[in-house]
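Undergrad: one predicted model, sequence on top.
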Amino acid sequence: MRETDAHELLDQVNSVRARVRNHSRPGRLGAVLIGAVALVGALAFVASDQLVSVLPGCDAARQGCSTSHRGFNGAWAWHLGAVVAIGYPFFRRYRAGSWRPSTPLVVAVAGAVVLLGPSLLQTQHGVPAVAYPAATAVALGVMGWSRRLIGVVVVSIVLAVGVLLAHWIAFEAASQARWYFAQNLGLAGLSVIVGLAALIMSNQFDRRDQS
Amino acid sequence: MTHVIGQLDDVVHQRVRLGLLAVLDEAGEVDFNFLRETLDLTAGNLSRHLGVLEDAGLVVLDKVLEGRRPRTWVKITQEGAAALRDEIAILRELLPFDGSSSATASD
């Protein structure tokens, strides 16, 4: 075998691997879609946090507000966004034949944690709604790096950590309405930027030399 | 002394089959059509090479019915992943050949 033959074969292996990895990522359109959904969810939450102060029983400092006042708000945008953002890459790959849901139970459990966990925490502890898009953005970054089912499990863990962190922040800022608003807006914007950057950076990691 | 080239596995050391193993090692489990489109093969050619790999225990095929649609899923085995790693290691040894490689010429 000549040296050039070995070169060609190794180049073929790298090329094939890169093609599979490129296919596994959500793609530019998918990244834009996911980012847009995360942004809409973040803005919906920020808006709902301000609107809640005009509801009966609430004042500008959010004293006396029941978490049930949140009601039908940006949480639904986030849930829909989470389903789309987390499920879209796997659905796309399943349709194309590059991923098989061989462990449906794990997917179901992870999906339940992803969708129900933050909602339960919000109902019980009034967790800031910005935690949802923030955690989603981080999770999307993880998805950019993970092409296997383990990514779904990691997403669930990231979301849980994000929600708990936001819960802690909320307690610290409960009496500071303005700071709370700034926090929401800042974290929402940062989470979208981080999420999109992570997706883009996943391209850089996938260009690593595997030879 | 035997040149490292003698360690190549003829089942793996074939352009199409090497590409198949690379796809499967990267993706885990894929279906027949994905392999065919990714490597730009005809169905017959792909089936023949998958048969060789399956007989050697390097891949497993699972033919299922999803709804009314038949689908063949292909997965690399541990032996297949090891064989691919060995093949790549040998190919790397062959380049660049500058005298510092561990490969030695046969007498």
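TA: Happy to help now that I have it. Numbering: from 1, shown residues only, chains lettered A, B, ... in the order given.

Undergrad: now for the nearest residue to B:G80 once chain neighbours are set aside, how many residues are close by?
TA: Closest residue to B:G80 apart from its sequence neighbours, by C-beta to C-beta, 6 or more residues apart in numbering or on different chains: B:L58 at 3.4 Å. Every residue, glycine included, has its C-beta placed from N, CA and C. Residues contacting B:L58 under the criterion other C-beta atoms under 10 Å in any protein chain shown number 25.

Undergrad: wouldn't B:L58 be in contact with B:V11 here?
TA: Yes - counting by C-beta atoms under 8 Å, B:V11 is a contact partner of B:L58 at 6.8 Å.

Undergrad: now do the shared contacts for these two.
TA: Counting by C-beta atoms under 8 Å, 6 or more residues apart in numbering or on different chains, the residues touching both B:L58 and B:V11 are B:A83.

Undergrad: distance of the residue nearest to B:G80 from B:H3?
TA: 24 Å (C-beta to C-beta, to the nearest Å).

Undergrad: B:R36: neighbour count?
TA: 16.

Undergrad: which residue packs closest to it, ignoring adjacent ones?
TA: B:R36 sits nearest to B:L46 (C-beta to C-beta, 6+ apart), 5.1 Å away.

Undergrad: cool, and B:D31?
TA: A:G97 (3.3 Å).

Undergrad: burial measure for the one you found, as a count.
TA: Counted with other C-beta under 10 Å, A:G97 comes out at 23.

Undergrad: ok, it - contacts?
TA: B:V30, B:D31, B:F32, B:N33, B:F34, B:R71.

Undergrad: what residues are up against the last one?
TA: Same thing as B:R71. A:G97, B:D31, B:F32, B:K63, B:V64, B:L65.

Undergrad: on the three-state scheme, the closest residue to the fourth one other than its chain neighbours is what?
TA: Leaving out its chain neighbours, the residue that sits closest to B:K63 by C-beta to C-beta, 6+ apart is B:T72, at 4.9 Å. Put simply, B:T72 is strand when judged by DSSP: H, G, I helix; E, B strand; the rest coil.

Undergrad: settle this for me: B:T72 is touching B:V30, isn't it.
TA: No - using C-beta under 8 Å, B:T72 makes no contact with B:V30, being 9.8 Å away.
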